[in-house]
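K.L.:
Sequence and predicted structure are below.
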Amino acid sequence: MKILNFIIPIIVLSCASFEKLYAQFPNFRIHPSTNNQIEPNIVVHPTNPDIMFASSFTIRTSFRSEGVYLTTNGGLNWYGTDTLFGNPITNHGGDPGPVIDKDGNLILTHQGGFIIGMYSNSSTNMGQTWSNNVQIAGDDQDKGSPATNVIPASPYYGRTFLVWTRFTSPFPIVTSYTTNSGANWSGLIQVNNSLPSRQSVGPIMAIGPDGKSYVSWASAILVSPFNEDCIGFAVSSNGGLNWSITECAYDCNGIKSSSLAPWNIRVNGYPSMDIDKTGGPRNGWIYILTTEKNLAPAGTDPDIVFHKSTDGGSTWSAGVRVNQDPINNGKIQVFPAVTVDSSGGINVIYFDQRNSPDSAQIYLSRSVNGGDNWHDYLISDHKFLPKSISGAGSGNQGDNIGITNANNKLWPVWMDDHTGIYQVWTASINIDEVGISQTSFEIPEHYMLYQNFPNPFNPSTKIKFNVPQTGNISLVIFDAAGREVAELVNQVMSPGSYEYSFDARGLSSGIYFYKMKSDGYSEVKRMVYLK
């Protein structure tokens, strides 16, 4: 425990908890039911952030389908069903991909279940009715990921894509697109050829602010241990017709397994990807995250690893370990999902074992400086024990989760069995309540730590400060006895003005001090927490 290097001549009002603080947010199920719900994804309407569309792979004994869950009032209320009513009803098999296109129409892509292939259904009335299944491709297809172009200046505005893996040599990534909300789809377009003795798996697509289409995937070896050993990348500037391909953009060491201990569940090292479209200084930067181990910066247990490209995918940064628990501690982090919010913050959620010998929780890691530094926040308010689900395949409890952002809030979706059956959970996370945000990119003349507001406060207050030059910034909360109770910031920060929203719900009433420190600068201010 750190002791502040000055004397505070005041009386402590009450004892505080001395554990480092983590934010917690009320969790709820978006569609409580008696069916298993796994592999959730969520998207937001391109022009109306009050509308969000989520889906999951639903399983009831031998019946499989895709859930349809919607909100039209910013997440206050949700409605939906665990069955996608698009005929034939048996032609559904998971890997749901929700999309809201430029016209506000819903498209849901999925596997074919007992009828192999990739399929879609569409709705023009917010999910009240759905079209019959439309076949995108037959044969041996797997793990589709959709994306839609909602960049008005793009010549391909309104084009919706699906990318997926084809399990026929050369085991490539392929794509198809629709220009009429899924009524029909283009012919199959092969994106890549795969490396020798490799298969390309787990593709994900994103549309950049320039309207270009970007795809990343994992290149997995075809012999034991079958893990992912590099990340592939491709970009199309003509609406997906032709692709510039890098079969191995950077090396990785994925964790693919059919029985990851201690849970004996199926896991993978597939990428999650998003692109900054804020128009700010990092506009167009591409971010990819995977789960890796035994390759720096990952440790000997599964960690979330981040790479970025600032030049459209031509070059990639070295890896950064996202989760901030002690390295090589034997704890597991898996299934990352990423979204870039309207202020350029990078937000990643994942399963995390750090607080238990066997159970998992959901953590959020957030970076406000382009992924150079990260802070972790516990967002689930309960623990759960991951386990495979009968009827979902060997070891399968779902192998992805999702996140989006709207109205300055983060909306993660994940599956867990806290209620005794796997259900889709979420939490409404105000971005201002998960730590630091950059309020101005103008370069201030000097360091400045402002008085928190409000003060006194209950339970949260905002702390503003200025950074005139790139350097490591420390912002720490101490109690009246000089003991550190929360480390808010400890990272390299670029010049600008920042604001940290500090939530003290884990502390007792009393007088506290916050200290900012950087190269040759140090300042302390007093604040009062009154419950």
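P.N.:
Happy to help now that I have it.

K.L.:
bridging residues for residue 453?
P.N.:
Taking DSSP bridges, one obtains residue 462 as the residues bridged to residue 453.

K.L.:
how much space between the closest residue to residue 297 other than its chain neighbours and residue 418?
P.N.:
Closest residue to residue 297 apart from its sequence neighbours, by Cβ to Cβ, 6 or more residues apart in numbering: residue 321 at 4.1 Å. Every C-beta, even on glycine, is put in place using the N, C-alpha and C of the backbone. As judged by Cβ to Cβ, to the nearest Å, residue 321 and residue 418 stand 28 Å apart.

K.L.:
Those two: who's more crowded?
P.N.:
residue 321 (19 against 16; other Cβ atoms under 10 Å).

K.L.:
How about the host helix or strand of residue 229, which residues are buried there?
P.N.:
Per DSSP states H and E: residue 229 is located in strand 228-236. For strand 228-236, burial by neighbour count (16 or more other Cβ atoms under 10 Å) applies to 228, 229, 230, 231, 232, 233, 234, 235, 236.

K.L.:
Spatially, which two of those residues are the most separated?
P.N.:
Between any two of these, the greatest separation by Cβ to Cβ is 24.8 Å, found for 229 and 236.

K.L.:
still on that earlier bit, want to throw the buried residues of strand 228-236 into JSON lines with distance to residue 248?
P.N.:
Compiled in JSON lines, the buried residues of strand 228-236 are given as follows (distance: Cβ to Cβ, whole Å):
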{"residue": "228", "distance to residue 248": "11"}
{"residue": "229", "distance to residue 248": "8"}
{"residue": "230", "distance to residue 248": "4"}
{"residue": "231", "distance to residue 248": "7"}
{"residue": "232", "distance to residue 248": "6"}
{"residue": "233", "distance to residue 248": "9"}
{"residue": "234", "distance to residue 248": "12"}
{"residue": "235", "distance to residue 248": "15"}
{"residue": "236", "distance to residue 248": "19"}
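
K.L.:
would TSV of the residues you listed with distance to residue 171 and pLDDT be doable?
P.N.:
Formatted as TSV, the buried residues of strand 228-236 follow (distance: Cβ to Cβ, whole Å; pLDDT from 0 to 100):
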residue	distance to residue 171	pLDDT
228	13	96
229	14	96
230	14	97
231	16	98
232	12	98
233	17	98
234	15	98
235	21	98
236	20	98
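
K.L.:
So which of these is the closest to residue 500?
P.N.:
Closest to residue 500, out of all of the buried residues of strand 228-236 and judged by Cβ to Cβ, is residue 231, at 33.1 Å.

K.L.:
Who are the contact partners of the closest one?
P.N.:
Listed by Cβ atoms under 8 Å, 6 or more residues apart in numbering, the contact partners of residue 231 are 216, 217, 218, 219, 248, 249, 250, 252, 271, 288, 290, 307.

K.L.:
try it again with 7 Å
P.N.:
If a contact means Cβ atoms under 7 Å, 6 or more residues apart in numbering, then residue 231 has 216, 218, 249, 250, 252, 271, 288, 290 as its contacts.

K.L.:
Looks like residue 292 contacts residue 251 (just checking).
P.N.:
No - in this structure, residue 292 is not within contact of residue 251 by Cβ atoms under 7 Å, at 9.6 Å.

K.L.:
Which one of the two is surrounded by more residues?
P.N.:
residue 292 (25 against 12).

K.L.:
Go through the helix or strand of the chain with the lowest mean pLDDT and flag the buried ones.
P.N.:
Least confident helix or strand, the chain: strand 435-440 with a mean of 78, by mean pLDDT, DSSP states H and E. Buried residues in strand 435-440, counted by 16+ other Cβ under 10 Å: 435, 436, 437, 438.

K.L.:
With distance to residue 399 as added columns, please give those in a markdown table.
P.N.:
Below are the buried residues of strand 435-440 laid out as a markdown table (distance: Cβ to Cβ, whole Å):
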| residue | distance to residue 399 |
| --- | --- |
| 435 | 29 |
| 436 | 31 |
| 437 | 32 |
| 438 | 34 |
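
K.L.:
quick one: which of these is nearest residue 413?
P.N.:
The closest of the buried residues of strand 435-440 to residue 413 turns out to be residue 435 (Cβ to Cβ; 21.2 Å).

K.L.:
which residues does that closest one bridge with?
P.N.:
The partner residues for residue 435, given DSSP bridges, come to residue 501.

K.L.:
so who does it touch?
P.N.:
For residue 435, the contacting residues are 366, 375, 488, 500, 501, by Cβ under 7 Å, 6+ apart.

K.L.:
most neighbours, which of the residues you listed?
P.N.:
Highest neighbour count within the contacts of residue 435, by other Cβ under 10 Å: residue 366, with 23 neighbours.

K.L.:
who's in contact with the residue nearest to that one when sequence neighbours are not counted?
P.N.:
Once flanking residues are discounted, residue 366 sits nearest to residue 347: 5.3 Å by Cβ to Cβ, 6+ apart. Each residue near residue 347 by Cβ under 7 Å, 6+ apart is listed here: 338, 339, 341, 364, 366, 403, 405, 410.

K.L.:
any idea how far residue 493 is from residue 173?
P.N.:
Taken as Cβ to Cβ, the span from residue 173 to residue 493 is 37 Å.

K.L.:
Which of the two has more residues huddled nearby?
P.N.:
residue 173 (30 against 22).

K.L.:
I'd like the distance between the closest residue to the more buried one other than its chain neighbours and residue 140.
P.N.:
Excluding the flanking residues, the one nearest residue 173 by Cβ to Cβ, 6+ apart is residue 191, at 4.2 Å. Relative to residue 140, residue 191 is positioned 17 Å away (Cβ to Cβ).

K.L.:
Looking at the two now, which is surrounded by more residues?
P.N.:
residue 191 (24 against 11).

K.L.:
how many neighbours does residue 505 have?
P.N.:
Residue 505: 12 surrounding residues under other Cβ under 10 Å.

K.L.:
list the contacts for it?
P.N.:
Neighbour list for residue 505: residue 459 [criterion: Cβ under 7 Å, 6+ apart].

K.L.:
again with residue 186
P.N.:
176, 177.

K.L.:
secondary structure class for it?
P.N.:
Classification of residue 186 using DSSP: H, G, I helix; E, B strand; the rest coil returns coil.

K.L.:
Distance of it relative to residue 168?
P.N.:
For residue 186 relative to residue 168 (Cβ to Cβ), the value is 19 Å.

K.L.:
Output the contacts of residue 231 in TSV, with neighbour count and pLDDT appended to each entry.
P.N.:
Listed next are these as TSV, based on neighbours: other Cβ atoms under 10 Å; pLDDT from 0 to 100:
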residue	neighbour count	pLDDT
216	28	98
218	26	97
249	24	98
250	19	98
252	25	97
271	29	97
288	29	98
290	28	98
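
K.L.:
quick check, nearest of those residues to residue 80?
P.N.:
Taking Cβ to Cβ as the measure, residue 80 lies nearest residue 271 of these, at 28.4 Å.

K.L.:
Let me see the contact set for the residue nearest to residue 297.
P.N.:
In this structure, residue 321 makes contact with 297, 298, 303, 305, 327, judged by Cβ under 7 Å, 6+ apart.

K.L.:
Thanks a lot, see you next time.
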